[in-house]
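S.K.: structure of the sequence below:
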Amino acid sequence: MKLPKLSFTVLDTETTGFVPKANRIIEFASVQVKNGKVTHEYEHLYSIDEDIPPHVQVITRIRPDMLNGQPPLMEQREEIWNHIGDETLIVGQNVSFDIGMLKAERIDLTDKPWVDTSMLASLVYPELASYSLGYLSQVLELNHEPAHRALGDVHATLELLSKIWERLYDLPDEKLNIVKDIFGKSSEGYRMLAKVLPEKGGKGVLWEEKACRPEPCRRTTCCVSRLDSAHRDTSTVTILEDTLSPCTLESLMSSCAQDTATVHWIAVKNLEAAVERTNVPEDARVLYPPFLLPEQKAVDALLKQDFFTADEATLAIKLRWFSPATREDIALHGDEKDIWSGRLAASEHSPVYLEQFQNLPATLLLDHRQLLRFITDNAHPAHAGMQKNSAIIIDDASMLEDTATKAYGHFCAVTSLRAAAERDAPLTSFVDLLEIWIEKVRSSEDIHFLEEQDFGLPETKGLREKLDLLLERHDLPDRTVEQLQNLYGILHASLKGNLVWIEEQRRGSAVLHAAPENIAHLLTLHLYKKHSTTLLLPPHIDPLTEILPVEIHHKITSQEQEHLPIHFPDRTLSDLFADPPTGKTIVLISSKRMIEDLFVRYTEPLEQRGTTLLCQGMGGGLGRMQAEFAALDGAVIWLLTPWMYEGVELPENLAHHLIIDSLPFDHPSDVLIKARSTHFENAFTGYMIPRLKCRLFRLLRTFCRHKTERGDVHILDKRLEQKRYGKDVKQFLEQFQEEEKREMRNGEQMSLL
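M.R.: Numbers count the residues shown, from 1 in each chain. Coordinates of the predicted model:
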């Protein structure tokens, strides 16, 4: 292995969870390296007073009996210190986690120099889909045995560092000098790396080549006929029945391009994903939301710093290497995302955002939220284009309730504010006070609704006063000002017609929300009554009155539908795991707790049969699971919730089966669902069932984007046969069945008669 000519120690811990002090270390391993050679290895298990959680036992394969007779870690601190070494660089994958867990066990490494191989990998492997050790081990063919054991992870991390070092050596002079310059101004660990980098660059690396445009859709179904360009009044909303075809958006844009007399504003829910998978016509323009665009003044200010934190350093190198036009042009990883969101992203008033609206072409692609935001602002430059003959087309309109809630509300993530406060003492002090206030007000609740008494607290008043002073400053980045303005809207929100709440997320990060309880009247006021509007909605859906009020007249235009094999088998999940399918299978489970239980019960039995089980919540986020699911060979079963699956992006022709275990109803205790249910005489039939049908349609469409040619769907919920509403839902689903399945069903019904 090619390794830095340094003395360093690669380390890893296995723990009972993610929270220091609340969770414990059960295994520690380290490897010492001097002058490029491994000099020492160490590995030890430790007893703990509490039980090892079942899912941790499955992940690590560390059983309680393996800890019997082992010493507690507190008795081994000195030995661990000796194996780490005094004058050494600490190396690890997501090493800040291990350092935090060790500190909780009174082994404080925070003053030692360290580098994170996960962040370094995101720097030199920007073409990869994930930077988890498991995924990197697979695609880079690292020695990672046993996985999820401390020494196995250390060996894989050491090999990863070697691969990283090889790529750094291959950098051309220009890029290598940027690394030396920025790492030389960063934390001690990265300064140590900078000093041993080669004097001259190498042969270059393959990822410098630009990515190709997406291929045109190869599906045979052309879904959208030419739109009725004569209909440009605001008296009627057009409902265009959506299709399952992955070509719908591309076909829609092609149809709009034929009508050059009209400016078409095509709004999608997720612009990044739409652009990634769609061949956008040359004469169309993508209008990026401000949070995806870099504010050049803020970028320049970051690059001019005399010192960089570790995350600032890797981000600064990426900015100088690639000069990104959008956030998606660089592989943001870890806390780099908070730095971008808190300091570097543009705002709604930034020139880089507003200049997109000059000299508009006839076809525009943008996201729901920015469209809904600027149609309320008559001073926005977009209105110049809307004064002409224009049409607004809302793709995935069944999501309008959710996206309009965000567009017309306020949102503030404390982690982004914390990143924005780096080196700004007054802002840092304010964020400290904000976190103290959050802890006082929420009183250990994961979700806390603010009440009048919360707004009347002296601490709330003091927070508002300090926020007012911050907003008077003229030296803050536009993005930071926008976040503070969102917080202002939350702390000054009226509770009449609005919901205001604090949500505590995983690992202690808090998010503050304010949202209108009713958004239908806002859509009516700003959209339907002012602009010619077409909504793409699933076929044969009862009117979604939270999106389109009954008083708004509408007409429906049908389209040719794409079909797929849908089955309603008399099987259970137990049958599935007893006889697992071949290929790649996606299983949607409504309960995260149930996913954990299935992970514990079936991971090892399936493994013995050659099937890999991936589970949401059992390590890593969506990006990691997507990457691993796509990269794994052989039979794979992926368990995740329907809500997460809606955001999945996978390569075409990948998944063989989609299995839906139970109907994915909204949870009745959901903050906004509960409030909006009161708008209906019968909330179940008038609100929950239409939302359920829309979600099922979106799940089927998501599967169509990455299924194999004969990929099929199996829905196991017995309520489809046993409940009256279930039979209604089943009838809705049957319209998407292949003809042969419908004929078979009709034949069976006739034989019964």
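
S.K.: now do the contacts for the closest residue to V179 other than its chain neighbours.
M.R.: Closest residue to V179 apart from its sequence neighbours, by CB to CB, 6 or more residues apart in numbering: I317 at 5.8 Å. The C-beta positions use only the backbone N, C-alpha and C, and glycine is treated the same way. Contact analysis of I317 by CB atoms under 8 Å, 6 or more residues apart in numbering lists 123, 178-179, 182-183.

S.K.: one more pass at 10 Å, please.
M.R.: By CB atoms under 10 Å, 6 or more residues apart in numbering, the contact list for I317 reads 123-124, 175, 178-179, 181-183, 186, 303, 308, 330.

S.K.: surely it is within a helix?
M.R.: Yes - I317: assigned to a helix according to DSSP: H, G, I helix; E, B strand; the rest coil.

S.K.: what pLDDT is listed against it?
M.R.: With respect to pLDDT, I317 has a value of 98.

S.K.: what of P214?
M.R.: 50.

S.K.: one more: V713?
M.R.: 97.

S.K.: am I right that it falls within a strand?
M.R.: Yes - secondary structure assignment places V713 in a strand (three-state DSSP).

S.K.: before we move on, the earlier item: just flag the most distant two among the contacts of I317.
M.R.: V124 and L303 (19.5 Å; CB to CB).

S.K.: who has more neighbours, the two?
M.R.: Applying other CB atoms under 10 Å to V124 and L303 shows that V124 carries more neighbours, namely 22 against 15.

S.K.: and the nearest residue to the more buried one once chain neighbours are set aside, what is it in contact with?
M.R.: Closest residue to V124 apart from its sequence neighbours, by CB to CB, 6+ apart: R167 at 3.9 Å. Going by CB under 10 Å, 6+ apart, R167 touches 120-121, 123-125, 202, 205, 207.

S.K.: show me the contacts for A384.
M.R.: Here A384 is in contact with 357-358, 360 (CB under 10 Å, 6+ apart).

S.K.: what of L364?
M.R.: 253, 256, 263-267, 284-287, 356-357, 371, 382, 385, 390, 392-393.

S.K.: measure it to W114 for me?
M.R.: Look at L364 and W114: by CB to CB, to the nearest Å, they are 47 Å apart.

S.K.: swap in L476?
M.R.: Distance, L476 to W114, using CB to CB: 31 Å.

S.K.: settle it for me: which of those two has more neighbours?
M.R.: Neighbour totals were compared for L476 and W114, and W114 leads with 24 against 19 (other CB under 10 Å).

S.K.: inside helices: which ones of the contacts of L364?
M.R.: Secondary structure assignment by DSSP state H places 253, 256, 371, 382, 385 of these in helices.

S.K.: so what's the last one up against?
M.R.: For G385, the residues meeting the contact criterion (CB under 10 Å, 6+ apart) are 263, 265, 357-362, 364.

S.K.: distance check, the spatially most central residue of the chain against L654.
M.R.: Nearest to the mean C-alpha position of the chain, by CA atoms, centre = their mean, lies L622 at 6.0 Å. In this view, L622 and L654 are 16 Å apart by CB to CB.

S.K.: give me the neighbour count for A510.
M.R.: Count around A510 with other CB under 10 Å applied: 18.

S.K.: ok, it to T415 distance?
M.R.: Distance from A510 to T415, by CB to CB: 9 Å.

S.K.: residues in contact with Q616?
M.R.: So Q616 contacts 589, 592, 595-596, 599, 622, 625, 638-641, 644-645 (CB under 10 Å, 6+ apart).

S.K.: okay, how far is it across stretch 518-533, tip to tip?
M.R.: Distance across stretch 518-533, first residue to last, is 20 Å (CA to CA, to the nearest Å).

S.K.: please apply the same query to stretch 63-83.
M.R.: First residue to last in stretch 63-83 (CA to CA) measures 25 Å.

S.K.: distance from it to the middle of the chain?
M.R.: Chain-centre distance of stretch 63-83: 37 Å, with CA atoms, centre = their mean, to the nearest Å.

S.K.: residues in contact with it?
M.R.: 9, 11, 13, 24-32, 40-49, 51-52, 57, 60, 102, 105-107, 109.

S.K.: before we move on, back to that, hmm, which of the contacts of Q616 are the buried ones?
M.R.: 589, 595-596, 599, 625, 638-641, 645 (16 or more other CB atoms under 10 Å).

S.K.: ok so, going back, give me the subset of the contacts of Q616 lying in strands.
M.R.: 638-640 (DSSP state E).

S.K.: what about the residue nearest to G184 when sequence neighbours are not counted, neighbour count?
M.R.: Spatial nearest neighbour of G184, excluding adjacent residues (CB to CB, 6+ apart): A194 at 4.5 Å. A194: 17 surrounding residues under other CB under 10 Å.

S.K.: which parts of the longest helix seen in the chain are buried?
M.R.: Taking DSSP H as the criterion, the chain has its longest helix at helix 150-170. By 16+ other CB under 10 Å, the buried positions in helix 150-170 come out as 150-165, 167-168, 170.

S.K.: show me what D12 is bridged to.
M.R.: A29 (DSSP bridges).

S.K.: which ones are touching it?
M.R.: 27-31, 43, 91-95, 97-98, 133, 148-157.

S.K.: same question, S187
M.R.: Per CB under 10 Å, 6+ apart, neighbours of S187: 113-115, 307-313.

S.K.: low-confidence ranges, this protein, go.
M.R.: 206-233, 506-508, 739-753 (pLDDT under 70).

S.K.: outline the domain layout of it.
M.R.: Following automatic domain parsing, one finds the domains of the chain at 8-170, 237-404+519-557, 410-516, 566-752.

S.K.: just to revisit the earlier point, which one of the contacts of Q616 is nearest L487?
M.R.: L622 (27.0 Å).

S.K.: touching, the closest one and G647? I think so.
M.R.: Yes - with the criterion set as CB atoms under 10 Å, L622 and G647 qualify as a contacting pair; they are 6.4 Å apart.

S.K.: can you give me the strands for the stretch 51-200 of the chain?
M.R.: For the stretch 51-200 of the chain, the strands defined by DSSP state E, counting those that start in this stretch cover 89-92, 114-116.

S.K.: quick one: closest of those strands to F577.
M.R.: Shortest distance between F577 and the strands of the stretch 51-200 of the chain, using CB to CB, is found for strand 89-92: 35.1 Å.

S.K.: what about the helices in the stretch 351-500 of the chain?
M.R.: Counting by DSSP state H, counting those that start in this stretch, the stretch 351-500 of the chain has these helices, from start to end: 351-354, 368-374, 382-386, 400-407, 414-420, 425-442, 452-455, 458-471, 478-491.

S.K.: which one, of these, ends up nearest to D335?
M.R.: helix 414-420 (6.9 Å).

S.K.: drop anything exposed from the contacts of S187.
M.R.: Among the contacts of S187, those scoring as buried are 113-115, 308-313 (criterion: 16+ other CB under 10 Å).

S.K.: let me know the closest of the residues you listed to K723.
M.R.: Of all the buried ones among the contacts of S187, K723 sits closest to D311, with 51.1 Å by CB to CB.

S.K.: who's in contact with the residue nearest to that closest one when sequence neighbours are not counted?
M.R.: Leaving aside its chain neighbours, D311 sits nearest to D335 (4.4 Å; criterion: CB to CB, 6+ apart). Contact analysis of D335 by CB under 10 Å, 6+ apart lists 96, 119, 309-312, 314-315, 342, 415, 418-419.

S.K.: please apply the same query to A284.
M.R.: With contacts defined as CB under 10 Å, 6+ apart, A284 is in contact with 253-254, 256-257, 264, 266, 278, 361-365.
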